[in-house]
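[1] Structure for the following, please:
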Amino acid sequence: MTVRVGLLGATGAVGQRFVQLLDDHPTFEIAAVTASPESAGESYRDAAKWRVDTPIPERIAELTVRETSPDALPDDLDLLFSSLPSSVGAEIEPELCRAGYVVSSNSSNERMAEDVPLTIPEVNPDHLDLIDTQREQRGWDGALVKNPNCSTITMTPTLAALDEFGLERAHVSTLQAVSGAGYSGVTSMEIIDNVLPHIGGEEEKMETESRKLLGDVEDGELSLHDVDVSASCNRVPSLDGHLENVFAELDDDPSADAVHEALANFEAVDLPSAPAQPIHVFDDPERPQPRLDRMRGKGMQISAGGLQATDEGVQYNCLAHNTIRGAAGASVLNGELLVEEGWV
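    A predicted model of the protein is given here:
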């Protein structure tokens, strides 16, 4: 089965990751790429200014960049992947859904909308049931599905694994790579020999998106998890890979061994891009590290380590590749889930 896909916002940093991940994908075939009106009409090779660490796929390089609008896209696309800026996505994605397209989006707009699935396949695949509610309420035949923020997706699967112990509160401090801000997002003068102790909007995303991801969908309605999440987000001079220090308060009093087992045995999903083991747990207290561990599971596995039982619960570190697992790879995985569940 071949699913023809379009890639929205294909020339940016996350868009290029999409191209890299979708090249030779067993199901998805890139049939169209879009970008800003300034790039429309150019070859993808000329428009993209390719910066990913593998060669640009020749077939994609020769595609002509289209404008991002329903009228500019081929009629025979089965699925759209979006890496649009949120301000653009907020305008264009609903138009595409009204035109009948199914959109798996990395953009931040509408992540917290009650009728929009915010999905990590290993955590809450049943939230795709919100598509029926979305279609009924919005009167369109398409569908809009979101993946969470790159920092949220690093932490939330670990919290989901710990929920069996009665998850009450989570405090997290992040050390986030510069690629999370985009190629031009942080200048060298800002970040070399420095740490930026604030990332606008990031704390709120972690605090709200995690509760939605861990929540329940019943009879087409969403209820948030009652966990209290507080976050402090920091930009550090690593290229890729968000490292996070988590303090989870639990109702139960599990041992470090029990926590290790819960994380290491967190259930996988049978999808082409999914790692066989969603969370790898290190015994070495000096791991995980961004440079050494961000590409585990082809960049799709989450790493955890430094487990310590506390009087209130557990302390640990977690790490994921922010532009693969935390962005393009997350949308691709959601696209695979949409196909698996029959929405595409």
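[2] which one is residue 162 nearest to, not counting chain neighbours?
    Sequence neighbours aside, residue 248 is the residue nearest to residue 162 in space, at 5.6 Å (criterion: C-beta to C-beta, 6 or more residues apart in numbering). (Glycine included, C-beta is placed from N, CA and C.)
[3] Can you get me a residue count around the one you found?
    When neighbours are counted by other C-beta atoms under 10 Å, residue 248 registers 25.
[4] Which of the helices or strands spans it?
    Taking DSSP states H and E as the criterion, residue 248 maps to strand 242-250.
[5] Can you name every helix or strand that that strand contacts?
    Judged by 3 or more C-beta pairs under 8 Å, 6 or more residues apart in numbering; DSSP states H and E, the packing partners of strand 242-250 are helix 150-162, strand 167-176, strand 313-320.
[6] isn't the residue nearest to residue 162 right up against residue 169?
    Yes. Contact criterion C-beta atoms under 8 Å: residue 248 and residue 169 qualify, at 7.3 Å.
[7] And the chain, what are its domain boundaries?
    Per automatic domain parsing, the domain ranges recorded for the chain read 3-148+327-340, 150-321.
[8] Any idea how far apart the tips of the first one sit?
    Across domain 3-148+327-340, the straight-line distance between its terminal residues is 12 Å, by C-alpha to C-alpha, to the nearest Å.
[9] returning to that earlier point: can I get the domains of the chain in a markdown table including mean pLDDT?
    Formatted as a markdown table, those follow (pLDDT from 0 to 100):
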| stretch | mean pLDDT |
| --- | --- |
| domain 3-148+327-340 | 97 |
| domain 150-321 | 97 |
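[10] which residues does the spatially closest residue to residue 198 that is not a sequence neighbour contact?
    Of all residues not flanking residue 198 in the chain, residue 233 sits nearest, at 7.1 Å (C-beta to C-beta, 6+ apart). Residues in contact with residue 233 (C-beta atoms under 8 Å, 6 or more residues apart in numbering) are 151, 173-174, 176, 198-199, 202-203, 206.
[11] related to what we said a few turns ago, most tightly surrounded among the helices and strands packed on strand 242-250?
    Among those, helix 150-162 has the highest mean neighbour count (mean count of other C-beta atoms under 10 Å), at a mean of 26.
[12] That helix: how far from the chain's middle?
    11 Å (C-alpha atoms, centre = their mean, to the nearest Å).
[13] Helices of the stretch 1-150 of the chain, start to end?
    13-22, 44-48, 58-61, 86-98, 130-138, 150-162 (DSSP state H, counting those that start in this stretch).
[14] With distance to residue 299 as added columns, please give those in TSV.
    What follows is the helices of the stretch 1-150 of the chain, written out as TSV (distance: least, C-beta to C-beta, whole Å):
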stretch	distance to residue 299
helix 13-22	9
helix 44-48	20
helix 58-61	19
helix 86-98	23
helix 130-138	28
helix 150-162	12
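[15] now, of those helices, which is deepest in the fold?
    With neighbours taken as mean count of other C-beta under 10 Å, the helices of the stretch 1-150 of the chain reach their highest mean count in helix 150-162, at a mean of 26.
[16] how many degrees apart are it and strand 167-176 in direction?
    150 degrees (axes from the mean of the first three to the mean of the last three C-alpha atoms, to 10 degrees).
[17] For helix 150-162, C-alpha coordinates in PDB please.
    Written as PDB, here are the backbone C-alpha positions of helix 150-162 (Å, rounded to 0.1, in the frame of the first residue of the first chain):
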ATOM      1  CA  CYS A 150       9.300  18.700  21.500                       C
ATOM      2  CA  SER A 151       9.900  19.200  25.200                       C
ATOM      3  CA  THR A 152       6.500  17.800  26.100                       C
ATOM      4  CA  ILE A 153       7.100  14.600  24.000                       C
ATOM      5  CA  THR A 154      10.400  13.900  25.800                       C
ATOM      6  CA  MET A 155       8.800  13.900  29.200                       C
ATOM      7  CA  THR A 156       5.200  12.700  28.800                       C
ATOM      8  CA  PRO A 157       5.900   9.000  27.800                       C
ATOM      9  CA  THR A 158       7.900   8.700  31.000                       C
ATOM     10  CA  LEU A 159       5.000  10.200  33.100                       C
ATOM     11  CA  ALA A 160       2.600   7.800  31.300                       C
ATOM     12  CA  ALA A 161       4.800   4.900  32.400                       C
ATOM     13  CA  LEU A 162       4.700   6.100  36.000                       C
END
